[in-house]
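> How does the following fold in three dimensions:
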Amino acid sequence: HDTAWADAAARLNQDERFLQIATSGERRRLFQEFTDKLKKEERDRKQARAAKARGEFEELLENWKGVKPGALFRDFEAENKDAECWGALEDKEKDELFQDFMEDYERKLKRDKENNKVEWTMELKQAFQDDNQISFRTRWRDVVENMEGMNRFDRLDRMDALKCWEEFVEEELKKYKENLHKQKAREQRKAREGFRELLQEKYDGGAFTRSTPFCEFANLFSEVKRYTAVVASEGSTPRDLYEEYVEDMTRSYAADREHIRKLAVEKKLEPSSLNFAGFAMIMDEDERFKSLSENTQRELFTDFVTNGFVEVKFDLPPEESDEEAKPQRSERRDRDRDRSRKEEEKGEDRARSHRRDDDRARRQSRRRSRSRDRSRARDRDRDSGKKEKEDRERRAEKPKKERKESREREETRREKKRKRDGDSEPPKKKEKKEKKRRESSRSP
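Okay, the predicted model is just below:
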């Protein structure tokens, strides 16, 4: 199809089929149609081969296992340059196909990240919890060193991972404080229960009675561990617990005394005719009497023998006692109110201190994050500037090379022409000689 009409006419001049066409113009028109048809077929074959090569090249891109964000064309070339379709495409077209593929890949990756961000964040938090080497006290840099390379950590942007870590730290710190508060409350409750057990043991053993002042009880048992445990804890003091216990015992004794008095009336017992052993034997049939401590039983017997269970007025708690106990009740309420207010103020101070520490930690984390972002931006700008400089140098080098090759071709052409014309010297050399001759002729 590249044959010229003159060459074709000279070759076909003796062919009868060529001579059957009447005019030279008709022959030339048919020849042109024939060559156009050949050119079109050749162009179609080239396009088909290029389309096939592009398809195979795109298939190579889709199946490339080394693809990752920021991958370069040279990385892909190093792995696939031996493929059959590689040489069928021009470098520019291969680069364009690669860049289009990477844009689509990174766009899809970004879209997947946005869609799965919540789920991935929850999975990363679970990974933080499952890792025994990580707690809310761990530094972020140590977390990065420990988790880097894991899929659940790397698939999130570093800023998103940092935000997830801050949320994890906040939640774990809150749980820690709640557990600490519960543990402290549990220890205080156990201390109060232990002190109540101490009171019950000593009361049943006769170490003190309902009329024993608290100061005497404190002098006797202030060195006991169960006593000091209540002193060291917040909340109710040993005096409060002691007075509460005495009030309970007074109410209980009043109820037990009334019950035993009714039994004595029913059995028609005479105080002068009984000792404690006989009194206990008679009352042993009553389950309530058997459940009392021996100290309480003896106290009931003494009351029976001394007073005959005549009705007496017990020193009951303030709400049931006479008018003289009202100032003590008011003083105790004021003391409890002051203690509660002080505990609330301490709790608020601790909460403010924790909030200040949390705010300070978050500010430091944000400052470190902004510093990292600025550093990365500087690195990107530096890399981008270096790449642009290399591109400019490459673009500037290409015209220089082309101009040099053009000059060399022009010199070669002139040299050939000079040889055909029989000139032995180049024109520039001849002009220099002629100019030198003229200057020498003008000089005296």
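> low pLDDT regions in the protein?
Applying pLDDT under 70 to the chain picks out residues 1-2, 271-274, 307-341, 343-344, 347, 398, 421-430, 441-444.
> okay, which residue is most central for it?
residue 164 (2.3 Å; Cα atoms, centre = their mean).
> From residue 147, how far out is that residue?
Plainly put, residue 164 is 11 Å away from residue 147 if you go by Cβ to Cβ, to the nearest Å. Backbone N, C-alpha and C define where each C-beta goes, glycine included.
> and if you look at residue 416?
Taken as Cβ to Cβ, the span from residue 416 to residue 147 is 72 Å.
> and if you look at residue 373?
Taking Cβ to Cβ, one finds residue 373 at 20 Å from residue 147.
> my guess is residue 154 contacts residue 160, does it?
No. At 11.4 Å, residue 154 does not count as touching residue 160 under the criterion of Cβ atoms under 8 Å.
> more neighbours, the two?
A count of neighbours by other Cβ atoms under 10 Å puts residue 160 above the other of residue 154 and residue 160, at 15 against 12.
> Next one: the residue nearest to residue 64 when sequence neighbours are not counted from residue 94, what distance?
Using Cβ to Cβ, 6 or more residues apart in numbering and skipping residues adjacent in sequence, the residue nearest residue 64 is residue 76, 6.2 Å away. Distance, residue 76 to residue 94, by Cβ to Cβ: 9 Å.
> same check, this time on residue 24
Using Cβ to Cβ, residue 24 is found at 48 Å from residue 94.
> Settle it for me: which of these two has more neighbours?
For the pair residue 24 and residue 94, the greater number of neighbours falls to residue 94 (21 against 10), based on other Cβ under 10 Å.
> give me every residue that touches that one.
Each residue near residue 94 by Cβ atoms under 8 Å, 6 or more residues apart in numbering is listed here: 57, 73, 86.
> can you put those in a markdown table and add secondary structure and distance to residue 438?
What follows is the contacts of residue 94, written out as a markdown table (DSSP: H, G, I helix; E, B strand; the rest coil; distance: Cβ to Cβ, whole Å):
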| residue | secondary structure | distance to residue 438 |
| --- | --- | --- |
| 57 | helix | 65 |
| 73 | helix | 60 |
| 86 | coil | 62 |
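> by contact count, what packs against the longest helix seen in the chain?
Secondary structure of the chain per DSSP state H: the longest helix is helix 326-421. Judged by 3 or more Cβ pairs under 8 Å, 6 or more residues apart in numbering; DSSP states H and E, helix 326-421 is in contact with helix 158-204, helix 238-267.
> Of these, which is nearest residue 301?
Distance to residue 301, taken as Cβ to Cβ, is lowest for helix 238-267 among these, at 9.1 Å.
> which of the residues in whatever helix or strand comes next after that closest one are buried?
Remark: after helix 238-267, the chain's next helix or strand is helix 276-283, criterion DSSP states H and E. Using 16 or more other Cβ atoms under 10 Å as the burial criterion, the residues of helix 276-283 that qualify are 279-280, 283.
> who's in contact with helix 276-283?
Outside helix 276-283, the residues touching it (Cβ under 8 Å, 6+ apart) are 260, 263, 267, 269, 274, 289, 297-298, 301, 304.
> let's see 10 Å
Residues from elsewhere that reach helix 276-283 (Cβ atoms under 10 Å, 6 or more residues apart in numbering): 260, 263-264, 267, 269, 271, 273-275, 289-290, 292, 294, 297-298, 300-302, 304-305.
> got it, and stretch 144-163?
Counting by Cβ under 10 Å, 6+ apart, 109-110, 112-113, 116-117, 120-121, 123-128, 131, 133-134, 138-140, 143, 164-165, 365-366, 368-369, 372-373, 376 sit against stretch 144-163.
> PyMOL command to pick out the buried ones of those?
PyMOL command restricting the contacts of stretch 144-163 to the buried ones, with burial defined by 16+ other Cβ under 10 Å:
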select buried, resi 120+121+123+124+125+127+128+134+140+143+164+165+365+369
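> List the ones among the contacts of stretch 144-163 that fall in helices.
Among the contacts of stretch 144-163, the subset assigned to helices under DSSP H consists of 109-110, 112-113, 116-117, 120-121, 123-128, 140, 143, 164-165, 365-366, 368-369, 372-373, 376.
> helix/strand/coil for residue 82?
coil (DSSP: H, G, I helix; E, B strand; the rest coil).
> circling back to that earlier point, correct me if wrong: the residue nearest to residue 64 contacts residue 105.
No. Residue 76 lies out of contact with residue 105 (Cβ atoms under 10 Å); the separation is 11.6 Å.
> list the residues that contact both of those two?
With contacts defined as Cβ under 10 Å, 6+ apart, the residues shared by residue 76 and residue 105 are 61, 64, 67.
> okay if I get the residues you listed as a markdown table plus distance to residue 431 and secondary structure?
Output for those, formatted as a markdown table (distance: Cβ to Cβ, whole Å; DSSP: H, G, I helix; E, B strand; the rest coil):
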| residue | distance to residue 431 | secondary structure |
| --- | --- | --- |
| 61 | 59 | helix |
| 64 | 61 | coil |
| 67 | 62 | coil |
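> Buried residues, the one helix or strand residue 288 maps to. List them.
Using DSSP H and E, residue 288 sits within helix 287-290. For helix 287-290, burial by neighbour count (16+ other Cβ under 10 Å) applies to residue 289.
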